[in-house]
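Asker: sequence first, then the predicted structure, then my questions.
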Amino acid sequence: MEKQQNFAIAMTQLEDIVRKLEQGDVPLEEAIDLYKKGMELSHFCHEKLQNAEKQLISIVNENGEIQRFDPTNGEDNE
């Protein structure tokens, strides 16, 4: 898998593969190749999402200090 590949492109390709496999009229050899490619794309997208999540865990506040991201910050907990 190409390292420079864009997440959106990979998701579009994965959706196309799923659509083709769901139609069920793909020859067996092609279905196997599509499945393998789909698994590679799925793994690539999963890694990209995990990386993005790690980046969002810490944010920089107004003072330039890194603080842990709290998704409930600013919500009323009543």
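Answerer: Happy to help now that I have it.
Asker: which other helices and strands contact the helix or strand where Val18 lies?
Answerer: Secondary-structure element containing Val18, defined by DSSP states H and E: helix 7-23. Applying 3 or more C-beta pairs under 8 Å, 6 or more residues apart in numbering; DSSP states H and E, one finds that helix 7-23 makes contact with helix 28-57. Bear in mind the C-beta positions are built from the backbone N, C-alpha and C, glycine included.
Asker: before we move on, the earlier item: contacts made by the helix holding Val18 with the rest, please.
Answerer: Val26, Ala31, Leu34, Tyr35, Lys37, Gly38, Leu41, Ser42, Phe44, Cys45, Lys48, Leu49 (C-beta atoms under 8 Å, 6 or more residues apart in numbering).
Asker: report the buried members of those.
Answerer: Val26, Leu34, Gly38, Leu41, Phe44, Cys45 (16 or more other C-beta atoms under 10 Å).
Asker: tell me the contacts of the second one?
Answerer: If I follow you right, that is Leu34. Taking C-beta under 8 Å, 6+ apart, we find Leu34 in contact with Ile17, Lys20, Leu21, Val26.
Asker: do that again at 6 Å, thanks
Answerer: By C-beta atoms under 6 Å, 6 or more residues apart in numbering, Leu34 lies in contact with Ile17, Lys20, Leu21.
Asker: cool, and the last one?
Answerer: With contact set as C-beta under 6 Å, 6+ apart, Cys45 has these partners: Ala10.
Asker: repeat that for 8 Å
Answerer: Cys45 is in contact with Phe7, Ala10, Met11, Leu14, counting by C-beta under 8 Å, 6+ apart.
Asker: now, which of those residues sits nearest Lys54?
Answerer: Distances from these to Lys54 were compared by C-beta to C-beta; the smallest belongs to Phe7, at 14.8 Å.
Asker: distance of that closest one from Phe44?
Answerer: 8 Å (C-beta to C-beta, to the nearest Å).
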